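1. just need the structure, nothing else, for what follows:
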Amino acid sequence: MKLEQYLKEIEQFLKEYIEKAHCKTYVLGISGGVDSSLCAALARNAVGKDRLLCLILPIESHKADEEDALQLVKELDLNYVIVDGTEIFRGYVDTFKKLGQDFDRSTLGNLKARIRMSILYAYAQKYNGLVIGTDNADERYTGYFTKHGDGAADILPIAHLLKGEVVEASKLLGISNHLAERVPTASLFEGQTDENEMGVTYKDLDAYILGKKVDEAVEKRIQHLHKISEHKRVPTPMPKEFDRGE
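-> Have a look, this model is predicted:
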């Protein structure tokens, strides 16, 4: 199947699911990155701009991230709200400090992701909406998402697209090269990039998932990431059912 055809199928999927769920709106956090940009374009095509609410959610973020998100808003003519979560985040950090807790930057980065998701769900509840997740196939395979953060969503439209396909799809839907080719980062802390944090490039990840040959060290790294993140991809574990019989 050609990518253009699959994108049409995603749009139809989004169009049908919102009706099936008896909801009125899709709610999406946009960062200026390619994944959320593509999700925004797909959702707008599927249900129209008036049934899509985009949230820009800076938390101690670089101004460039907000500028990129605003560029997407302009390019696609999206309805949006800016909700700065910095004070919420700092309130958490101050509380932890009072309790004598000093968390590392990875833990605090994940906290930012969870704060953003809490805000998205607050808006979704207010507007009878569904939260769109932006995880792609590479991120899901390696577990490169925050559990109950960006990994929490009601629908995952690009879950089966590799990173390279996400970039290609974005360009097909008219998203500018600047946004489509932006260095992938969740902007959770200073200097953070996806590839540096994972220890593997998206190009190698795409190749591995497609069954192509990659360097042995790269293969081992990807397999390790997949193994340690399995708990993120399975339903919440439960013991066997309680037998109430005598």
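2. in this structure, which spans are helices?
-> Remark: helices assigned in the chain by DSSP state H are 3-20, 34-47, 63-76, 86-98, 105-126, 137-142, 163-172, 177-180, 194-198, 202-209, 216-228, 230-233.
3. excluding its backbone neighbours, what's nearest residue 200?
-> Nearest non-adjacent residue to residue 200, counting by Cβ to Cβ, 6 or more residues apart in numbering: residue 221, 5.1 Å away. Bear in mind the C-beta positions are built from the backbone N, C-alpha and C, glycine included.
4. is it true that that neighbour touches residue 205?
-> No: proximity of residue 221 to residue 205 does not meet the contact threshold set by Cβ atoms under 8 Å, at 9.7 Å.
5. shared neighbours, the two?
-> Common neighbours of residue 221 and residue 205, using Cβ atoms under 8 Å, 6 or more residues apart in numbering, are residue 198.
6. show me which of the two is the more surrounded one.
-> Between residue 221 and residue 205, residue 205 has the larger neighbour count (other Cβ atoms under 10 Å), namely 28 against 19.
7. quick one, what contacts that one?
-> Each residue near residue 205 by Cβ under 8 Å, 6+ apart is listed here: 138, 141-142, 162-163, 198, 222.
8. can you check residue 10 too?
-> Residues near residue 10 by Cβ under 8 Å, 6+ apart: 42, 46, 157-158.
9. which pLDDT value goes with the residue nearest to residue 200?
-> Note for residue 221: predicted pLDDT of 97.
10. and it, how far is that from residue 146?
-> Counting by Cβ to Cβ, to the nearest Å, the separation of residue 221 from residue 146 is 20 Å.
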